[in-house]
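>>> The sequence and its predicted three-dimensional model are supplied below.
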Amino acid sequence: MPHSLVSVKALEPFLLRSHGCRDFPFLVISGVYRPWVLKWNYSNPDVYHLRTVSLPVKMMSSNDLSGFLVHYTFKDVLLGGISLYLVYGILLYIYRLTLHPLAQFPGPKLAAATFWYEFYYDLFPHKLRYLWKVEEMHKKYGPIVRINPIHLHINDPNYLDEIYAGGKRKRNRDPWYYRSEPNGPLGWSVFQTVDHDVHRMRRAALNRFFSKRSVQEHEQMIIEKIEVLCGRFAEACRAGDVVPLTFACGALTMDVISAYAFGAETDNLTRQDFGAEYLEAYSKLSQFGPVGRQFPWLAKACLTLIPSSLMHRISPAAALIPRNRLFFRGMIEESVHQQEEEKRRKSEDSFEAEKEVQKNKSIFQDILRSNLPPGEKAPARLAAEANLLLIAGTETTARALSLVLFHILDNHQTLLQLRKELAPLMPHPDSRVSVAALEALRYFVGH
Ligand code: HEM
């Protein structure tokens with residue numbers, strides 16, 4: 001066994017607690033017993049003799065060791081650790097069910113005691129089903145239910161203003177729910193911003209793009225893309241092919257949001273498989289939410305530590321997401337470059353510069369021109385925002401559209417009614433119609 005001299009000062013950062021007598025202290029390093037033997041050096045009180053022993057630890061009495069005897073085997077330590085953990089778990093469950101501030105709220109006791117209840121419905125053996133379980137709980141327990149040890153779920157519109165505090169009141173988001181890694185696909189995006197003020201600032205930079213007027217300015221582009229999709233439907237109809245509706249609608253929504261937000265053409269509508277791998281990737285990402293909530297360390301490892309080549313082998317779809325973020329980063333760096341060009345031109349020819357501004361109009365050009373602090377305009381942050389816009393604008397709208405289409409086609413009565421309503425505006429199947437004209441139809445606004 002090697003002997004070495006160690007200065008007390010060098011050990012201080014590790015010496016969290018010491019046990020035993022002064023002649024023979026044990027060290028507890030980060031809470032774990034390590035088989036290190038320390039012996040006090042009387043001639044120089046600043047120095048310990050440090051001796052490492054291999055497991056299992058069996059420290060024998062000797063003349064040297066002042067008769068202090070301990071028997072700890074690895075098994076002892078393991079069993080001790082497990083017992084302590086079990087006792088801690090039981091006490092924690094009792095606390096959550098009795099003294100916890102939410103203890104008085106109704107709900108399943110198991111859900112109040114442990115997060116494993118939510119795990120069971122959201123991760124294994126079920127997947128993303130807790131939402132529907134919560135709906136069942138409301139039927140049984142009423143409008144306010146405790147759905148896990150730290151959360152209540154409220155199904156009562158009267159609480160809307162209280163929860164989504166408006167006006168001058170501030171409400172931070174729940175960091176547990178929106179758990180994000182800065183290096184994760186959506187880290188730094190508005191969606192995963194917890195702090196009220198930072199969220200407000202980031203959101204304000206996007207607001208203009210979500211105005212009705214701004215969307216209407218892009219109506220022509222949207223209609224053109226819908227016509228491409230209708231062409232694909234007609235083609236499939238002639239060939240007798242089955243159309244995967246979610247992918248078809250996803251191709252439309254991704255092409256629209258890319259053109260709208262970044263001025264980029266993703267051209268999924270013209271791909272044979274409607275760009276299915278991208279749509280799969282985004283769908284998978286939403287399934288990753290509960291993993292991040294239940295096991296943040298695992299999510300962190302997957303998102304930040306696993307090299308993308310390995311990730312690609314595990315799940316090609318999941319590997320696309322970090323790759324997309326890199327792609328967006330490149331795109332935004334290009335925008336920064338364009339802006340610098342613009343500034344240079346402005347000093348030379350303001351008319352030409354204005355033409356260039358109009359040509360490069362995208363959400364990110366706009367954000368880069370805004371008053372946001374420089375850190376907020378960093379390409380890494382904006383890349384996360386770009387990823388969010390693509391995900392938020394693709395998956396949600398695609399699901400809504402494919403469901404609506406399915407139910408219209410599945411319900412003959414609804415289909416007939418719809419055709420009757422549209423007949424005056426659309427005498428031919430390929431007649432163009434504006435959103436404003438559709439909004440004037442009673443059937444479309446639900447009267
Ligand atoms: C049927 C369509 C859609 C549905 C059902 C939907 C639903 C939602 C929901 C539930 C949230 C989360 C709100 C929260 O947790 O605070 C959200 C946030 C968001 N959505 Fe959508 N969305 C849809 C379409 C879109 C589209 C087309 C875009 C355009 C890019 C978009 C962009 C966003 C953004 C940027 C956020 C984050 C807002 C923030 O944090 O302030 N969504 N959406």
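The structure has been received and is ready for your questions.

>>> Only C-alpha atoms from now on, for both contacts and neighbour counts.
Noted.

>>> Name all residues that make contact with the residue of the stretch 151-300 of the chain found nearest the ligand.
Nearest residue of the stretch 151-300 of the chain to the ligand, counting by Cα to the nearest ligand atom: Phe191, 3.6 Å away. Phe191 makes contact with Tyr178, Leu388 under the criterion Cα atoms under 8 Å, 6 or more residues apart in numbering.

>>> quick one: it and Asp267, what's the gap?
26 Å (Cα to Cα, to the nearest Å).

>>> Please apply the same query to Phe105.
51 Å.

>>> and what of Trp297?
Relative to Asp267, and taking Cα to Cα, Trp297 is found at 37 Å.

>>> Near the ligand, which residues of the stretch 301-447 of the chain are found?
Leu389, Ala392, Gly393, Thr396, Thr397, Ala400 (Cα under 6 Å from any ligand atom).

>>> before we move on, what about the stretch 101-250 of the chain?
Val190, Phe191, Arg203.

>>> surely the last one meets Gln192?
When you say that, I think you mean Arg203. No: using Cα atoms under 8 Å, Arg203 makes no contact with Gln192, being 11.4 Å away.

>>> more neighbours, those two?
Gln192 (22 against 15; other Cα atoms under 10 Å).

>>> chain center to stretch 82-94: distance?
Offset of stretch 82-94 from its chain centre (Cα atoms, centre = their mean, to the nearest Å): 31 Å.

>>> now do stretch 326-337
22 Å.

>>> How about stretch 214-232?
Worked out by Cα atoms, centre = their mean, stretch 214-232 lies 30 Å from the chain centre.

>>> Ok, stretch 110-120 next?
For stretch 110-120, the distance to the chain centre is 21 Å (Cα atoms, centre = their mean).

>>> how far does stretch 191-200 stretch from start to finish?
11 Å.

>>> so Ser283 makes contact with Ala392?
No: contact criterion Cα under 8 Å: Ser283 and Ala392 do not qualify, at 10.7 Å.

>>> roughly how far apart are Asn411 and Leu418?
Distance from Asn411 to Leu418, by Cα to Cα: 11 Å.

>>> Same check on Tyr130?
From Tyr130 to Leu418 the distance is 35 Å (Cα to Cα).

>>> So for these two, which sits in the more crowded spot?
Taking other Cα under 10 Å, Tyr130 and Leu418 do not tie; Tyr130 has more neighbours (19 against 14).

>>> mind checking the SS state of the closest residue to that one other than its chain neighbours?
Nearest non-adjacent residue to Tyr130, counting by Cα to Cα, 6 or more residues apart in numbering: Tyr121, 4.9 Å away. Counting by DSSP: H, G, I helix; E, B strand; the rest coil, the backbone at Tyr121 sits in helix.

>>> which ones are touching Tyr121?
Per Cα under 8 Å, 6+ apart, neighbours of Tyr121: Lys127, Leu128, Arg129, Tyr130, Lys133.

>>> Would you report the backbone torsion angles of the first one?
Its backbone dihedrals place Lys127 at phi -130, psi 120, with angles given as degrees, to the nearest 10.

>>> Quick one: residues contacting it.
Tyr121, Gln287.

>>> let's see it at 7 Å
Tyr121 (Cα atoms under 7 Å, 6 or more residues apart in numbering).

>>> ok, now how distant is it from Gly81?
32 Å.

>>> Then the third one?
For Arg129, the distance to Gly81 equals 34 Å [Cα to Cα].

>>> Mind checking which of these two has more residues around it?
Arg129 (16 against 13).

>>> hang on, that one packs against Leu123?
No: counting by Cα atoms under 7 Å, Arg129 stays clear of Leu123, with 8.4 Å between them.

>>> neighbouring contacts of stretch 418-427?
Residues contacting stretch 418-427 (Cα under 7 Å, 6+ apart): Val433.

>>> Quick check: mean pLDDT of it?
Averaging pLDDT along stretch 418-427 gives 92.

>>> next one: stretch 84-101
According to the model, stretch 84-101 has a mean pLDDT of 96.

>>> starting at the chain centroid, how far to it?
29 Å.

>>> So which bits of that stretch are buried?
Using 16 or more other Cα atoms under 10 Å as the test for burial, stretch 84-101 gives Tyr93, Arg96, Leu97.

>>> Relative to Arg381, which of those residues is nearest.
Arg96 (38.1 Å; Cα to Cα).

>>> Mind telling me what element that closest one is part of?
helix 74-98 (DSSP states H and E).

>>> Mind giving me the packing neighbours of that helix?
In terms of contacts (3 or more Cα pairs under 7 Å, 6 or more residues apart in numbering; DSSP states H and E), helix 74-98 is packed against helix 109-113.

>>> make it 10 Å
Judged by 3 or more Cα pairs under 10 Å, 6 or more residues apart in numbering; DSSP states H and E, helix 74-98 is in contact with strand 32-33, helix 109-113.

>>> Worst mean pLDDT among these?
strand 32-33 (a mean of 38).

>>> Among the buried residues of stretch 84-101, pick out the one closest to the ligand, please.
Closest to the ligand, out of all of the buried residues of stretch 84-101 and judged by Cα to the nearest ligand atom, is Arg96, at 26.5 Å.

>>> I figured the closest one was touching Phe105, is that so?
No: counting by Cα atoms under 10 Å, Phe105 is not a contact partner of Arg96; they are 11.4 Å apart.

>>> list residues touching both of those two?
Ala112 (Cα atoms under 10 Å, 6 or more residues apart in numbering).

>>> tell me which residues in stretch 271-280 are buried?
Phe274, Gly275, Ala276, Tyr278, Leu279, Glu280.

>>> so where's this protein shaky on pLDDT?
1-71, 180-183, 317-318, 321-322, 346-361, 447 (pLDDT under 70).

>>> circling back to that earlier point, dump the buried residues of stretch 84-101 into JSON lines; add distance to the ligand as well.
Output for the buried residues of stretch 84-101, formatted as JSON lines (distance: Cα to the nearest ligand atom, whole Å):
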{"residue": "Tyr93", "distance to the ligand": "29"}
{"residue": "Arg96", "distance to the ligand": "26"}
{"residue": "Leu97", "distance to the ligand": "28"}
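
>>> Relative to Ser308, which of the residues you listed is nearest.
Tyr93 (39.4 Å).

>>> Please report how far that closest one lies from Ala103.
From Tyr93 to Ala103 the distance is 11 Å (Cα to Cα).

>>> any residues in contact with both of the two?
Contacts common to Tyr93 and Ala103, judged by Cα under 10 Å, 6+ apart, are Lys109, Ala112, Ala113, Pro149.

>>> can you name the two of these that are farthest apart?
Lys109 and Pro149 (9.4 Å).
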